[in-house]
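>>> next comes the sequence, and after it the predicted model I'd like to discuss.
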Amino acid sequence: MVFIPEIEKQQSEEQNTFQLRKLKEVIAYIKANSAFYAGHLNAFEAQIENIRSLSDLQSLPVTTKEDLQQHNWDFLCIPKKDIREIMSTSGTLGSPVFIALSSNDLERLAYNEMLSFHCMEVDENDVFQLMLTLDRQFMAGIAYYSGLSEIGAAVIRSGPGLPALQWETMKALDVTGLVAVPSFITKMLDFAEEQHIPFRDFKAKKILAIGESLRDDNLEPNALAQRIKSKWNIELYSTYASTEMQTAFTECNAGKGGHHHPELIIVEILDENGNQVQKGEAGEITITTLGVEAMPLLRYRTGDIAKAYYEPCSCGRNTMRLGPVLGRKQQMIKFKGTTIYPPQLFDVLNNLEAIKDYAVTLSADETGQDKLILYVYTEMQDSDCNQLIKPVFQHKWRVVPHIIYCSAAEIQALHFADNSRKPQRFRDLRN
């Protein structure tokens, strides 16, 4: 039976009242226990006293990624002896940040992902295969494992890579659901077709797609989702999360954005000046954690750009929903006068079936201008592939990037450069 917390069925006014009460508790807690926030909020006593609604949050300072990197352990609010696990960010945009969790934080993390899997209508009869790492201080793997355990579903920790092993495991253990990076699913499907694996006869019915979006900015299936669905009639669910926020936003069957859990997190969508955007406009996801004990965050600017949707959902939840990440603020590409975000590039490249795999790097040329390079693996002749790629970029952005053709192994090496824990299709080398 699908579980929906009562607060998620309440009207937005009731949710806001609950969050306002929790916000005041968070502020009092971090001022008393966090060395960073004791100083960060020192000059804002009057503003704190005058908080009467969630909109008053804008009178308080934001927290940035740089704050976390430079003052990492000053965010800790509990004695070190009470830390039960230390995880870290992937370091996509700079040096990794360590995130400490208490016993209560680990329970909150499990509850959060339990809610995610309830959005997908997972129950105790399901068998889920986790195609991601559960080591190397990676929060996501532990979160999914714990959430499925809370529901009572069986879990298989197959890890990333190795398509043959993944298919063998799915068949042998009657797997009903997967947690995987969607671009890896496309590789699995190519492998299955080459090896004549009858995957459509397997029992898998749904995939929680991590690390890459499945929606465009109109909440319609993007090229990656279409590519999977064209070969496999399986339910696909997008999710958005980060280690810092210790919270996920996961789609339900309606597929209209990832559901907000108001008991776990406050969300603002801010413009470049730090003001709340108008409904329907994209802005930077800015969060305040609720119920986090070891390293809570106040008005943390994630750097991720997205839209929020506020209409009630057909699933019965009345919570706000987040659309796909349209780009990262620090990864905006100004290329020959055109603004491009990496997800836009990915959607174009995923739509070209001749491109088997790819990676993108951004660096600065000798004049300080952005230099965009596509690394492409294809079975076509290079000249033929150029004729396929270049007109698409010229039509869409009136620019043509530099293209380098590589082997599958070379692309794989680029995905895991710098010993990354998860595949990185885009690398910003400008700094």
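All right, it came through fine.
>>> you'd agree residue 312 is up against residue 320?
No: between residue 312 and residue 320 there is no contact under C-beta atoms under 8 Å: 10.5 Å. The way it works is simple: take the backbone N, C-alpha and C, and place the C-beta from them, glycine included.
>>> identify the residues contacting residue 206.
Contact analysis of residue 206 by C-beta atoms under 8 Å, 6 or more residues apart in numbering lists 120, 122, 176-178, 234-237.
>>> how much space between residue 386 and residue 425?
Noted for residue 386: a distance of 20 Å to residue 425, by C-beta to C-beta, to the nearest Å.
>>> ok, these two, which is more surrounded?
residue 425 (22 against 15; other C-beta atoms under 10 Å).
>>> now residue 324, nearest residue through space, not along the chain?
residue 213 (3.8 Å; C-beta to C-beta, 6 or more residues apart in numbering).
>>> what kind of secondary structure is that neighbour in?
coil (DSSP: H, G, I helix; E, B strand; the rest coil).
>>> please apply the same query to residue 410.
Applying three-state DSSP: residue 410 is helix.
>>> show the pLDDT at it.
At residue 410, the model reports a pLDDT of 94.
>>> correct me, but it touches residue 375?
Yes: contact criterion C-beta under 8 Å: residue 410 and residue 375 qualify, at 7.3 Å.
>>> which strands or helices does the helix or strand residue 169 falls within pack on?
Taking DSSP states H and E as the definition, residue 169 sits inside helix 163-172. On a contact count with 3 or more C-beta pairs under 8 Å, 6 or more residues apart in numbering; DSSP states H and E, helix 163-172 meets strand 127-130, helix 182-194.
>>> in it, what's buried?
163, 166-167, 170-171 (16 or more other C-beta atoms under 10 Å).
>>> need the next SSE after it, C-terminal direction.
Helix 163-172 is succeeded, C-terminally, by strand 177-180 (DSSP H and E).
>>> so which helix or strand of this protein has the lowest pLDDT on average?
In the chain, the helix or strand scored least confidently by mean pLDDT, DSSP states H and E is strand 333-335, which has a mean of 72.
>>> direction included, what does whichever helix or strand comes after that one pair up with?
Going down the chain from strand 333-335, the next helix or strand is strand 338-340, by DSSP H and E. Counting by DSSP bridges, the strands paired with strand 338-340 are strand 333-335 (antiparallel).
>>> in terms of contact, does residue 373 touch residue 405 like I think?
No: judged on C-beta under 8 Å, residue 373 makes no contact with residue 405 at a distance of 11.5 Å.
>>> what is the subsequent helix or strand relative to the top helix by length along the chain?
The longest helix of the chain (DSSP state H) is helix 12-33. Toward the C-terminus, helix 12-33 is succeeded by helix 35-40 as the next helix or strand (DSSP H and E).
>>> list the buried residues for that following helix?
36-37, 40.
>>> in stretch 3-14, what's buried?
4-5, 7-8, 10.
>>> same check, this time on stretch 195-202
197, 199, 202.
>>> show me which of those residues is closest to residue 144.
residue 202 (20.2 Å; C-beta to C-beta).
>>> pLDDT score for that closest one?
pLDDT at residue 202 comes out at 98.
>>> one more: residue 304?
Reported pLDDT for residue 304: 93.
>>> just confirm it is within a strand.
Yes: looking at residue 304 with three-state DSSP, it is inside a strand.
>>> just to revisit the earlier point, more crowded one of residue 312 and residue 320?
residue 320 (20 against 12).
>>> my guess is the more buried one contacts residue 311. True?
No: Residue 320 is beyond contact range of residue 311, at 9.6 Å (criterion: C-beta under 8 Å).
>>> contacting residues around stretch 401-417?
Outside stretch 401-417, the residues that reach it (C-beta under 8 Å, 6+ apart) are 335, 356-359, 361, 371-378, 382, 385-386, 389-390, 393, 423-425, 427.
>>> run the last query once more with 10 Å
Identification of contacts with stretch 401-417 by C-beta atoms under 10 Å, 6 or more residues apart in numbering yields 160-161, 183, 187, 333, 335-336, 340, 345, 356-362, 371-382, 385-386, 389-390, 393, 420, 422-425, 427.
>>> tell me which of the residues you listed fall in helices.
183, 187, 345, 382, 385-386, 389-390, 393.
>>> next, format those as CSV and append distance to residue 25.
Below are the ones in helices among the contacts of stretch 401-417 laid out as CSV (distance: C-beta to C-beta, whole Å):
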residue, distance to residue 25
183, 41
187, 46
345, 42
382, 60
385, 57
386, 59
389, 53
390, 56
393, 50
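>>> in this structure residue 19 contacts residue 54, no?
Yes: the pair residue 19 / residue 54 is scored as a contact, 6.1 Å apart, by C-beta atoms under 10 Å.
>>> average pLDDT across the helix or strand containing residue 46?
Element membership for residue 46, per DSSP H and E: helix 45-49. Regarding helix 45-49, the rounded mean pLDDT is 93.
>>> who does it touch, helix- and strand-wise?
Where contact means 3 or more C-beta pairs under 10 Å, 6 or more residues apart in numbering; DSSP states H and E, helix 45-49 is packed against helix 12-33.
>>> may I have the helix it packs on exported as CSV, CA atoms only?
In CSV, the C-alpha atoms belonging to helix 12-33 read as follows (Å, rounded to 0.1, in the frame of the first residue of the first chain):
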residue,chain,number,x,y,z
SER,A,12,-0.1,24.6,1.0
GLU,A,13,-1.1,27.0,3.8
GLU,A,14,-1.0,24.2,6.3
GLN,A,15,2.3,23.0,5.0
ASN,A,16,3.8,26.5,5.2
THR,A,17,2.6,26.9,8.8
PHE,A,18,4.4,23.6,9.7
GLN,A,19,7.5,24.7,7.9
LEU,A,20,7.6,28.1,9.6
ARG,A,21,7.6,26.5,13.0
LYS,A,22,10.3,24.1,12.0
LEU,A,23,12.4,26.9,10.5
LYS,A,24,12.4,28.8,13.8
GLU,A,25,13.6,25.6,15.5
VAL,A,26,16.4,25.1,12.9
ILE,A,27,17.6,28.7,13.3
ALA,A,28,17.7,28.4,17.1
TYR,A,29,19.5,25.1,16.8
ILE,A,30,22.2,26.1,14.4
LYS,A,31,22.9,29.4,16.2
ALA,A,32,23.5,27.4,19.4
ASN,A,33,25.5,24.5,18.0
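>>> how about low-confidence regions in the stretch 251-400 of the chain?
336-337, 367 (pLDDT under 70).
>>> what is the longest helix of the chain packed up against?
helix 35-40, helix 45-49, strand 265-270, strand 283-289.
>>> ok, now with 6 Å
helix 35-40 (3 or more C-beta pairs under 6 Å, 6 or more residues apart in numbering; DSSP states H and E).
>>> done for today, thanks.
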